[in-house]
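Chemist: Structure for the following, please:
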Amino acid sequence: MKNEISATGNLIQIISQSRQNALKKVNEELIQMYWKVGEYLSTESTKVSFGDAYIDTVAEEVQSAFPGIKGFNRRGLYRMKKFYETYADDEFVTTLLSQISWSNHLAIISKAKTPEERHFYITLCIKENYSARELSRQIDSGYYERYMLSKEKLLPEPIKGLKENPFLDSYVIEFLDLPSNFKEPDLRKGLIKNMKDFILEVGRDFTFIDEEFRVQVGGEDYKIDLLFFHRGLQCLVAFELKIGKFKPEYISKMDFYLEALDRQKKKENENPSVGMILCASKDDEVVEYAMSRTLSPMMVAEYQLQLPDKNILQKKLQELINMPLLEEDE
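Modeler: Next comes the predicted model:
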């Protein structure tokens, strides 16, 4: 019986992988077709006869040749033309075009305002395998701006030594339905209830282990709010949740938790545990003073319970890295 179950499992895996490969191939062909159509329309646009009437004529002829075909109406054809013209001279993108879906391409073209931002989201889509809904959420939450602003922050020395820094300086957790006067247990339970959305925000390399994870020291139990394992860093990551402003004494508590994790839970092949103190707000100068003498790898970040104003984030980013701010499309 055991062998039969194993054989069935292998068969299901074969079918699943084959279906995924087929869908991937279909997507590649669609993207290539849209690219070629966009190139054709872009070339035709240089001719005097090109105009709205021409696009309408093309749409009608395509519908006549392929009755019921979707995506080749006037709006769809303009999208294909814009798709080609956006990336025609972008060598970085042209090698990656077929690796993400058409829906994700449309979201990036319509919402990302600079080549750097488009490159960022295309790369992120490939890495995280975003659905269209997930990508739109990341763009609307200003993930690119928050990521770039986080890179400009001074990192604690222990974090600098890591191969990568997967942490942001600001997290958006607008998906929680919290009571007006919520407490820390409410925040923790809300994140547990919406863990899929929280993983989308922090990154899919995070694997959730447990809430109120117990470590015992000196005969007493201590509870870590949320414990994760990060595949890239190959270490345990402890999250401490605070509903108020950051306080310096939070550092010593996290030091204690990380020491307990490293002595009691860390495996030989794993790296030292990392801490994340997630607060409602923080003063960067206070954080820097508080962390100046700690040897533990930890970060302090703040969270927002609603989607941020992207214009404010863009202005902050412009001030930091001198990036010209583009106006929203009319």
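
Chemist: quick one: low-confidence ranges for the stretch 1-150 of the chain?
Modeler: Confidence mapping of the stretch 1-150 of the chain against pLDDT under 70 gives the ranges 1-7, 9, 48.

Chemist: could you redo the last one with a cut-off of 50?
Modeler: 1-2, 4-5 (pLDDT under 50).

Chemist: Next, Gly71: phi, psi?
Modeler: Per-residue torsions, Gly71: phi 90, psi 0 (degrees, to the nearest 10).

Chemist: I'd like the distance between it and Phe83.
Modeler: From Gly71 across to Phe83, the span is 12 Å (C-beta to C-beta, to the nearest Å). Just so you know, the C-beta spots here come from the backbone N, C-alpha and C atoms, and that holds for glycine as well.

Chemist: Mind checking which of those two has more residues around it?
Modeler: Phe83 (23 against 15; other C-beta atoms under 10 Å).

Chemist: State the helix or strand in which the more buried one lies.
Modeler: Secondary-structure assignment from DSSP states H and E places Phe83 in helix 74-87.

Chemist: If you count contacts, what does that helix end up packed against?
Modeler: Using 3 or more C-beta pairs under 8 Å, 6 or more residues apart in numbering; DSSP states H and E, the elements in contact with helix 74-87 are helix 2-44, helix 52-65, helix 102-111.

Chemist: Between helix 102-111 and the longest one, find me the angle.
Modeler: Relative orientation of helix 2-44 versus helix 102-111 (axes from the mean of the first three to the mean of the last three C-alpha atoms, to 10 degrees): 40 degrees.

Chemist: Could you check how far helix 2-44 is from the centre of its chain?
Modeler: In terms of C-alpha atoms, centre = their mean, to the nearest Å, the centre of helix 2-44 is set 23 Å apart from its chain centre.

Chemist: Tell me if I'm right that Lys153 and Phe167 touch.
Modeler: No: with contact defined as C-beta atoms under 8 Å, Lys153 does not count as touching Phe167 (9.8 Å).

Chemist: neighbour count winner among those two?
Modeler: Using other C-beta under 10 Å as the criterion, Lys153 and Phe167 rank with Phe167 on top: 22 against 18.

Chemist: In space, what's closest to the more buried one - neighbours in sequence excluded?
Modeler: Spatially, and ignoring its direct neighbours in sequence, Phe167 is nearest to Met299 (4.7 Å; C-beta to C-beta, 6 or more residues apart in numbering).

Chemist: Now name the helix or strand holding the one you found.
Modeler: Using DSSP H and E, Met299 falls within strand 298-304.

Chemist: name the helices or strands packed onto that strand?
Modeler: Judged by 3+ C-beta pairs under 8 Å, 6+ apart, strand 298-304 is in contact with helix 157-160, strand 170-172, helix 249-264, strand 274-279, helix 284-291.

Chemist: contacts for that strand?
Modeler: 155-156, 158-159, 167-174, 246, 250-251, 254-255, 258, 274-282, 287, 290-291 (C-beta atoms under 8 Å, 6 or more residues apart in numbering).

Chemist: tell me the angle of it relative to helix 249-264?
Modeler: Computed by the same axes, to 10 degrees, the angle between strand 298-304 and helix 249-264 is 120 degrees.

Chemist: what about strand 298-304, distance to the chain center?
Modeler: Distance, centroid of strand 298-304 to centroid of chain: 16 Å (C-alpha atoms, centre = their mean).

Chemist: per-residue confidence averaged over that strand?
Modeler: Here strand 298-304 scores 95 as its mean pLDDT.

Chemist: on that earlier part again, check the helices and strands packed on strand 298-304 for me: which has the lowest mean pLDDT.
Modeler: Taking the mean pLDDT of these, helix 157-160 comes last: a mean of 67.

Chemist: still on that earlier bit, to Tyr130, which of the helices and strands packed on strand 298-304 lies closest?
Modeler: For Tyr130, the closest of these is strand 170-172, at 15.7 Å, according to C-beta to C-beta.

Chemist: So this structure: which segments form each domain?
Modeler: Domain segmentation of the chain under automatic domain parsing yields 2-144, 155-311.

Chemist: Which of the contacts of strand 298-304 are buried? Put it as a ChimeraX command.
Modeler: To isolate in ChimeraX the members of the contacts of strand 298-304 that are buried, counting by 16 or more other C-beta atoms under 10 Å, one can use:
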select :155,156,158,159,167,168,169,170,171,172,173,246,250,251,254,258,274,275,276,277,278,279,282,287,290,291
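
Chemist: Pull out the buried positions in stretch 191-210.
Modeler: By 16+ other C-beta under 10 Å, the buried positions in stretch 191-210 come out as Leu191, Asn194, Phe198, Ile199, Leu200, Glu201, Val202, Gly203, Asp205, Phe206, Phe208.
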